[in-house]
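Visitor: Turn this into a structure:
(chains A and B)
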Amino acid sequence: MSTGKSTSAWRYIGQRVVQTIIIWFIIITLNFIIFRVMPGDPRQALIGEGLSPELRISVIERFGLDKPMIEQYWLYLVNLFRGDLGYSFSHFGEPVIETIFAFRFMNTFVLMGAALVLSIIIGMAVGVFAAAKRDTIVDTGSTVTFLIAYALPVFWIGILILYYMGFLWDLLPIAGTITRGYNHVNIIDYIFDYTHHMIGPLIVLTLSFIGGFYLIMRDTVLDVFTQDYILAARAKGLKERTILYGHAMRNAMLPMVSVIAVNMPYLISGAMMTEYVFSWSGLGLLTYNAVLSVDYPVLQGVFLFLATIAVLSNFAADILYLYLDPRIRY
Amino acid sequence: MATHDPVLQVEDLATYYYLGDRELKAVDGVSFSIDAKRTLGLAGESGCGKTTTAYSLMRILAENGKITRGSINLGGIELTTLSEEEMRKLRWKKASIVFQYAMNAFNPVLRIGRQIVEVIREKGDYSKEEAVNIVSELFDEVGLKPERQTDYPHEFSGGMLQRAIIAQALACDPQLIIADEPVTALDVIVQNKILDLLRKLQEKYNLAVLFITHDLSVVAENCHDVGIMYAGNLVEVGNVEAVFKRSLHPYSYKLIGAFPSVVGPKKRLEFIPGTPPNLMNLPKGCRFHPRCPFATAKCATDVPEFREIHDGHFAKCHYAGELDLGGGA
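Guide: Numbering: from 1, shown residues only, chains lettered A, B, ... in the order given. As a prediction, this is how the structure comes out:
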C-alpha cells in the first residue's frame, strides 16, 4: 500500500519536473523573441550617432547581431548554458551575469527576504488572532489598518519616511545600502550600517505586503473553524493549542503556500518603486535603469532570471502541497 | 428493573442561542435519562433541537449558544457547573460522539490512526506504541484491518469511515456514546451493518447510547426508548413499543403516521398541516397547538406540563392519555 503510494508520488514529481523544464524552455525562447520583435533598435543606443560606419559594423559583428535569427537563437542557448548572458551596454561592457549577481541580487534578496518573512509572520499571527476574535474591535481594527496600509502607494509612504525619519528627525540614512566613503571597522559594523539603511525600505515593503497575507490567513482560518473536524476536535476534548496548531493551522497553510509561491518572483525582482525611492541598489533599480538606458542584455538577463525563479517556486509549491495535503494525487 | 442510577440524567435542560439581542430557544425544558446498555432514540424534524441537545451534553455549542437552565448528570458528575477546563478533560473520557458525516469529522490532512492516537494520549497516560496498539485493537473490533490506520480519510469508503469513527468513539472507554445521525449518509445495506456493530459494542462495553435521527424506522429497530422532539420541546418519551403503538402526544402520533410501513397494507401517508414554528417567535401555550387537530382554548394559553402518564411513559400535553388517537391499545 505505502509503496504504491510513494511510487505514484514519485511519478507525479517526475511529471512536474518534465513540465517545469518544458515551460522553462518556452519562457527562454519567448525571452529571446520579445527582444527581437520589440520596436526600437538597441544598436542605436549602444553605438550612438557619432561613430564611423566601420566601427559601427565591427561592433555589430562583435555582438553577433548581423547573424541570421536562428543562429542568434542557437548562440543564445549555448551561451546561456555556459552562464554567459552577454555584456551590459550601459555598465561599461560588464558581463550581465556580474551586473546581476555581483551585489545587486544579494541586496534585493536580503531586503525582500526580510520584508516577506516579516510580513508573512506578522500577517499570519495577527490573522489567526483576528479570526479567533472575529467581529471584535481587535478583528475590525486590524483588518482596517492592514487594508489601509495595503492600499497606500509605496512611493508615497517611502517619501514620507524619507522626509520625516530621514530628513527632519535624522533617524535613518537617506539613500543607498551602506554609508558612502565610510570604512567599516569589521563585519559587525558593516552589518549594522547595512541594516540601518534597510529599515526604511523594509517598513515600506512590509506594510504593503502584510495586508494580503493577513487577509488570506484570517479568511482561511475562519473557514477552517467552521469545519466539522474542528468541532470533532473540540468534542474530543483536545487542548485549544492542539486544535489551533495541530488541526486548524495545517489546513489553513494550504492557500498560504500558493500565495507565497506567487510572491516569490518579487523576492528577486524587488519592488522597483521602493528601491528607486530609497536608491537601494538591487535588481528593481537595475531594471528601472536598464529600461531608461535601453540596456537590452541586462533586461534580458533579469527577465530570464525572474522567469526561472517563478517556474522553480511554483514547482516547489506543488511539491510542498504534496506533503501538506495528502489528498493531492494526480 | 433494579433501582440504580442512570448513566445520563438530564433535567429541564434549556439551551438558547443569542442572535444580537434576540433569543432563539433551540432546546427548552428537556428531561430524560439513559441507563447502561440502553439506547434512547431522539427523533424529530430538522431544527427541532436534537443536535443542540447532543452538543449541550458535550458543551460544544457554538459561541452564541448557552445552557440557560437545567442539569446534566453524567455518571454522577454534574456537567453544567464544571469549569471549561474540567469539562475539556471529561470530554471523550465519559462521553463521545459518533458523527454524522464521518468524512468531515476526520481532519483530511492527518492520518486516521494519528487522530485516534491523539485523543488516547490526551486522555490517558499511554506511550505512542501503546496508543497505536489500542487503535489496532479497536480497528479489529469494528471490522477494519489494523494496518489501515496509517491511511488518510479520503482513502476510506463511507462505511469504513463510519467504522473508524466508531473506533474513535470507543477509544477512551466512555460510558455514553452520542450517535448523531450515524447512518443517515450511508446506503441501507451498510446502515444495517453499522447498526449491528453499534448494538454489539454497546452490549460488550455496557454503553448508554443517545441515538439521534430523523428516521423513525431506525429508531423502531435500534432503540429501547424513544423521545420525540418538537420545536425545542421533548413532547413524549417512553419505550419504543409504547410510543409507537400508544402515542400520548398528538405530534408523535402524527409523525409516526407520516412514515410508510413496509409491512401491512398500503395506505395513503398522513401529513401534518402547517410548518414548525419560528424558534424566535414561538406560539403561546403549547408549541404544537397551531397545528394540532385537538387543540382547545387552553392549549393556546397554558404551557402543558411534561408529566408521567403511564409507568415510564411521559408526555407534554394537557390531554395526554385522554385523547383517542386511534392507535388502539
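
Visitor: By mean pLDDT, point me to the weakest helix or strand of chain B.
Guide: helix B:102-105 (a mean of 82; mean pLDDT, DSSP states H and E).

Visitor: Tell me if stretch A:215-231 is near chain B.
Guide: Yes: Stretch A:215-231 is in contact with chain B by Cβ under 8 Å from any Cβ of the partner chain, via A:Gln227, A:Asp228, A:Tyr229, A:Leu231. Glycine gets a C-beta too; all of them are placed from N, C-alpha and C.

Visitor: Return the residues in contact with the residue lying closest to A:Phe103 once chain neighbours are set aside.
Guide: Using Cβ to Cβ, 6 or more residues apart in numbering or on different chains and skipping residues adjacent in sequence, the residue nearest A:Phe103 is A:Ser281, 7.1 Å away. By Cβ atoms under 8 Å, 6 or more residues apart in numbering or on different chains, the contact set of A:Ser281 is A:Phe103, A:Arg104, A:Asn107, A:Gly176, A:Thr177, A:Glu275.

Visitor: Against B:Met58, how distant is the residue of chain A at minimum distance from chain B?
Guide: Here the residue of chain A nearest chain B is A:Gly237; by Cβ to the nearest Cβ that distance is 3.0 Å. Taking Cβ to Cβ, to the nearest Å as the measure, A:Gly237 falls 9 Å from B:Met58.

Visitor: Quick check: neighbours shared by those two?
Guide: B:Arg91.

Visitor: So which bits of chain B are right by chain A?
Guide: Counting by Cβ under 8 Å from any Cβ, the residues of chain B that sit close to chain A are B:58, B:60, B:87-93, B:96-97, B:99, B:101, B:104-111, B:118-119, B:122-123, B:147, B:150-152, B:154, B:168.

Visitor: List only those of those flagged as buried.
Guide: Using 16 or more other Cβ atoms under 10 Å in any protein chain shown as the burial test, these include B:58, B:60, B:87-88, B:90-93, B:96-97, B:99, B:101, B:104-111, B:118-119, B:122-123, B:151-152, B:168 as buried.

Visitor: Chain neighbours aside, what residue packs nearest to A:Ser293?
Guide: A:Ser90 (4.2 Å).

Visitor: what sits against the one you found?
Guide: A:Asn289, A:Ala290, A:Ser293, A:Asp295, A:Val298.

Visitor: circling back to that earlier point, B:Leu90 versus the residue of chain A closest to chain B, what's the distance?
Guide: For A:Gly237 relative to B:Leu90 (Cβ to Cβ), the value is 7 Å.

Visitor: just to confirm, which helix or strand has A:Pro326 in it?
Guide: Here A:Pro326 sits in a region with no helix or strand, counting by DSSP states H and E.

Visitor: Are any of the contacts of A:Ser90 buried, and if so which?
Guide: A:Ala290, A:Ser293, A:Asp295, A:Val298.

Visitor: Can you report phi and psi for the residue lying closest to A:Val259 once chain neighbours are set aside?
Guide: Distance criterion Cβ to Cβ, 6+ apart; nearest residue to A:Val259, sequence neighbours excluded, is A:Ile216 at 5.6 Å. Phi and psi for A:Ile216, reported as degrees, to the nearest 10, are phi -60, psi -40.

Visitor: how about A:Ile216, what does it touch?
Guide: Per Cβ under 8 Å, 6+ apart, neighbours of A:Ile216: A:Gly123, A:Gly127, A:Pro255, A:Met256, A:Val259.

Visitor: Correct me if wrong: the last one contacts A:Phe213.
Guide: Which is A:Val259. Yes: taking contacts as Cβ atoms under 8 Å, A:Val259 lies within contact range of A:Phe213: 7.0 Å.

Visitor: who has more neighbours, the two?
Guide: A:Phe213 (25 against 17; other Cβ atoms under 10 Å in any protein chain shown).

Visitor: give the contact list for that one.
Guide: A:Ser119, A:Ile120, A:Ile122, A:Gly123, A:Met124, A:Gly127, A:Met256, A:Val259.

Visitor: which non-adjacent residue is nearest it?
Guide: A:Gly123 (3.0 Å).

Visitor: pLDDT value on the one you found, please?
Guide: The pLDDT attached to A:Gly123 in the predicted structure is 90.

Visitor: Give me the next element, helix or strand, following the helix or strand hosting it.
Guide: Using DSSP H and E, A:Gly123 sits in helix A:104-132. Moving toward the C-terminus from helix A:104-132, the next helix or strand (DSSP H and E) is helix A:137-151.

Visitor: Identify each buried residue in that following helix, please.
Guide: A:Asp139, A:Ser142, A:Thr143, A:Phe146, A:Ala149, A:Tyr150.

Visitor: likewise stretch A:297-312?
Guide: Applying 16+ other Cβ under 10 Å to stretch A:297-312 flags A:297-307, A:309-311 as buried.

Visitor: Please give the element, helix or strand, for A:Leu77.
Guide: helix A:69-81.

Visitor: give me the residue from the stretch 101-250 of chain B nearest chain A.
Guide: B:Asn104 (3.7 Å).

Visitor: nearest spatial neighbour of that residue, skipping sequence neighbours?
Guide: Using Cβ to Cβ, 6+ apart, the closest residue to B:Asn104 is A:Asp228 (3.7 Å).

Visitor: tell me the contacts of that neighbour?
Guide: B:Phe99, B:Tyr101, B:Asn104, B:Ala105.

Visitor: which intervals of the chain have sub-threshold pLDDT?
Guide: No chain in the question, so chain A it is. Scanning chain A for pLDDT under 70 picks out A:1-6, A:40-51, A:266-270, A:329-330.

Visitor: Chain B is the one I meant
Guide: In chain B, residues with pLDDT under 70: B:1-4, B:262-264, B:324-329.

Visitor: Residue most distant from the centroid, it?
Guide: B:Glu129 (34.0 Å; Cα atoms, centre = their mean).

Visitor: looking at this, it is in a helix?
Guide: Yes: applying DSSP: H, G, I helix; E, B strand; the rest coil, one finds B:Glu129 inside a helix.

Visitor: mind giving me JSON lines with the residues of stretch A:215-231 next to chain B and columns for secondary structure?
Guide: What follows is the residues of stretch A:215-231 next to chain B, written out as JSON lines (three-state DSSP):
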{"residue": "A:Gln227", "secondary structure": "coil"}
{"residue": "A:Asp228", "secondary structure": "helix"}
{"residue": "A:Tyr229", "secondary structure": "helix"}
{"residue": "A:Leu231", "secondary structure": "helix"}
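
Visitor: just to revisit the earlier point, check the contact between the residue of the stretch 101-250 of chain B closest to chain A and A:Thr226; I expect there is one.
Guide: No: B:Asn104 lies out of contact with A:Thr226 (Cβ under 8 Å); the separation is 10.6 Å.

Visitor: picking up where we left off before, so which of the buried ones among the contacts of A:Ser90 sit within helices?
Guide: Under the assignment DSSP state H, the buried ones among the contacts of A:Ser90 contribute A:Ala290, A:Val298 to helices.

Visitor: Greatest separation within the buried ones among the contacts of A:Ser90: which pair is it?
Guide: A:Ser293 and A:Val298 (8.6 Å; Cβ to Cβ).
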